[in-house]
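> quick one, structure for this:
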Amino acid sequence: MISIYSAYVMGVVILCILVSLLLIGYSPKNKKYNLYLASFFLLLAYPCFVLFLINTGFITSLPHVYRTGMIATLLYIPAAYLYVRTVATNKPLSKKDLLHLLPVILYIIDYFPYFFIPGSEKVAFMQSKELSKMVLYFAESKFFIPGFYIIFKYVLGFSYWVAQSVYLIKLYKVKNVEFKTENNVWLKWLTLFILSESFLFLPAFHILKPGYGDDEFTVFLFIGGFTGLTSIFLFAFPQILFGIKGTILLSYNVSELHDSNAATPIANEPIEIKNYSKYLSKTKMVLISNKVKEHIIKNQSYLDKLYKLQQLAVEIQTPAQYISASINECEKTNFNDFINKYRINHCVTLLQNLDYQNQTLEAIANESGFNNRNTFTVAFKKTIGKTPSDYIKKIKKDTEFLNPVT
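Numbers count the residues shown, from 1 in each chain. As a prediction, this is how the structure comes out:
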């Protein structure tokens, strides 16, 4: 019969899986950091599931999952950190982040021979009188003494927890009332989430004391059960699923305002950027996006082949980073694709004229604001779904159908 404790652990497993699916399914495409949070909950579910198997005795039916829970543990710890770091800095992952995989790679190499021993041997091993100690102390390690991985897990969890706490403090230091107002619930949840992660290392004070025995509650904390319970708040406050409202901007470098194609350095233009906020609210991004679209349409800026984000920033007296963030958030695209969309729409309008249908693609591209045919073709297919040639053929065919020769 399954105990209340085992049912509780399985409940956490199901809850974590549901939350991860919700985060993947309902998060906006530009909120990629939510994928790291989804990975955290999904990875957290696995060691909890292994704990359920051990506690109920079902592990004997699935002996090969024994000792695999640590793999997920060594992955969900950095996954939580990457979520917090990406939210706080608005920086994507880099190749350096592959270093976060080193602990789990080390563990897999260490336990690689053990993973391939027969299931019957693993069952016999688990049924020995030393089961409780072996569950915690990882006595099968080839490289390290028994207990190394449990201590390493705590040290690793504490290190990442400190790093996350630093980023959390930086978020609270954002001097922008809109940020605190728009993200009040989310910020409180993030605080609770990080605080709950302290249970990834706090149980060490109990587990490592002399005469420690088999304590289900402590083992549950060791797995990270309290952190899993924070997922409940994602159901109570579904707005958390959509991540932070607005965006936190990267540090800005004035030299980035120079346009190598411009006649004069744009940075010398009268644009205020020194004291810009490190946070851009959703409301302000909508206003900037509308301002950009109105300016682009009114001035047909897209017909300028050398038109740059920095040039637009000067024209509407708005920091380039504000514009870029607003276009990414409101239009779900980057600046280049945003401008190219207007160029393609202009091109489509031109092609309604039979005279333009007989011109070369180079001429049409040039008339629409593109530098070359290749860029024009790629942008056209991305926006319309057809190549320019196929689109022109379709127009001619439709025209002949509507106006047959008699």
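> tell me how far residue 121 lies from residue 140.
The spacing between residue 121 and residue 140, counted by CB to CB, to the nearest Å, is 11 Å. (Each C-beta comes from the backbone N, C-alpha and C, glycine too.)
> and these two? Which one has more around it.
Set residue 121 next to residue 140 and count neighbours by other CB atoms under 10 Å: residue 140 wins out with 17 against 11.
> wait, what's in contact with that one?
Shown in contact with residue 140 (CB atoms under 8 Å, 6 or more residues apart in numbering): 67, 111, 114, 125, 134.
> and it, what pLDDT?
On the pLDDT scale, residue 140 is placed at 81.
> same thing with the one 10 residues further on?
Listed pLDDT for residue 150 reads 82.
> hang on, the earlier thing: lowest-confidence entry in the contacts of residue 140?
Within the contacts of residue 140, lowest confidence goes to residue 134 (51).
> for the stretch 301-406 of the chain, give me the ranges with low pLDDT.
354-357, 398-406 (pLDDT under 70).
> at 80 instead, please
Applying pLDDT under 80 to the stretch 301-406 of the chain flags residues 352-359, 395-406.
> could I get the host helix or strand of residue 48 in CSV with only the CA atoms?
Residue 48 is part of helix 33-56, with elements assigned from DSSP states H and E. Extracted C-alpha coordinates of helix 33-56, given in CSV (Å, rounded to 0.1, in the frame of the first residue of the first chain):
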residue,chain,number,x,y,z
TYR,A,33,13.8,32.2,-20.4
ASN,A,34,10.5,30.5,-19.5
LEU,A,35,11.9,27.4,-21.3
TYR,A,36,14.7,27.2,-18.7
LEU,A,37,12.1,27.4,-15.9
ALA,A,38,10.1,24.7,-17.7
SER,A,39,13.2,22.6,-17.9
PHE,A,40,13.8,23.1,-14.1
PHE,A,41,10.4,21.7,-13.2
LEU,A,42,10.5,18.9,-15.6
LEU,A,43,14.0,17.8,-14.4
LEU,A,44,12.9,18.2,-10.8
ALA,A,45,10.0,15.8,-11.4
TYR,A,46,12.4,13.0,-12.3
PRO,A,47,14.4,12.6,-9.1
CYS,A,48,11.1,12.9,-7.2
PHE,A,49,9.8,10.0,-9.3
VAL,A,50,12.9,8.0,-8.5
LEU,A,51,12.3,8.7,-4.8
PHE,A,52,8.8,7.5,-5.2
LEU,A,53,10.0,4.3,-6.7
ILE,A,54,12.5,3.7,-3.9
ASN,A,55,10.0,4.5,-1.1
THR,A,56,7.3,2.3,-2.5
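> in it, what counts as buried?
Of all the residues in helix 33-56, those buried under the rule 16 or more other CB atoms under 10 Å are 33-56.
> so residue 81 touches residue 162, yeah?
No - the pair residue 81 / residue 162 is not scored as a contact, 9.9 Å apart, by CB atoms under 8 Å.
> ok, those two, which is more surrounded?
residue 81 (24 against 10).
> so the more buried one sits in a helix?
Yes - under DSSP: H, G, I helix; E, B strand; the rest coil, residue 81 sits within a helix.
> how about it, what does it touch?
Residue 81 neighbours (CB under 8 Å, 6+ apart): 100, 160, 163-164.
> could you rerun that using 7 Å?
Counting by CB atoms under 7 Å, 6 or more residues apart in numbering, residue 81 makes contact with 160, 163-164.
> that one and residue 94, how far apart?
14 Å.
> count the residues that sit near residue 168.
Other residues close to residue 168 by other CB under 10 Å number 19.
> I'd say it and residue 194 touch.
Yes - between residue 168 and residue 194 there is a contact under CB atoms under 7 Å: 5.5 Å.
> identify the contacts common to the two.
Joint contacts of residue 168 and residue 194 (CB under 7 Å, 6+ apart) are residue 84.
> the stretch 251-400 of the chain: helices as residue ranges?
282-299, 309-315, 320-330, 335-351, 354-357, 361-368, 373-384, 388-402 (DSSP state H, counting those that start in this stretch).
> out of those, nearest to residue 25?
helix 320-330 (19.9 Å; CB to CB).
> same for the closest one, what does it pack against?
helix 282-299, helix 309-315, helix 335-351 (3 or more CB pairs under 7 Å, 6 or more residues apart in numbering; DSSP states H and E).
> buried stuff in it?
Across helix 320-330, burial judged by 16+ other CB under 10 Å covers 320-330.
> pLDDT at residue 224, what is it?
Reported pLDDT for residue 224: 61.
> format the helices and strands packed on helix 320-330 as JSON lines; extra columns: mean neighbour count and distance to residue 231.
Shown next, in JSON lines, are those (neighbours: other CB atoms under 10 Å; distance: least, CB to CB, whole Å):
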{"stretch": "helix 282-299", "mean neighbour count": "15", "distance to residue 231": "25"}
{"stretch": "helix 309-315", "mean neighbour count": "20", "distance to residue 231": "39"}
{"stretch": "helix 335-351", "mean neighbour count": "18", "distance to residue 231": "35"}
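> dump the ones you listed to a markdown table, plus distance to residue 152.
Output for the helices and strands packed on helix 320-330, formatted as a markdown table (distance: least, CB to CB, whole Å):
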| stretch | distance to residue 152 |
| --- | --- |
| helix 282-299 | 42 |
| helix 309-315 | 46 |
| helix 335-351 | 45 |
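> which of the ones you listed sits closest to residue 233?
helix 282-299 (21.5 Å).
> helices or strands up against the closest one?
Partner elements for helix 282-299 (3+ CB pairs under 7 Å, 6+ apart): helix 320-330.
> I would like the residues contacting the helix it packs on, please.
Identification of contacts with helix 320-330 by CB under 7 Å, 6+ apart yields 30, 247, 249, 252, 257, 280, 285-286, 288-289, 292, 309-310, 312-313, 333-335, 338.
> and if you look at stretch 34-50?
Contacts of stretch 34-50 (CB under 7 Å, 6+ apart): 9, 12-13, 16-17, 19-20, 23-24, 27, 65, 68-69, 72-73, 75-76, 79-80, 82-83, 86, 223-225, 227-228, 231, 243.
> fine, thanks again, bye for now.
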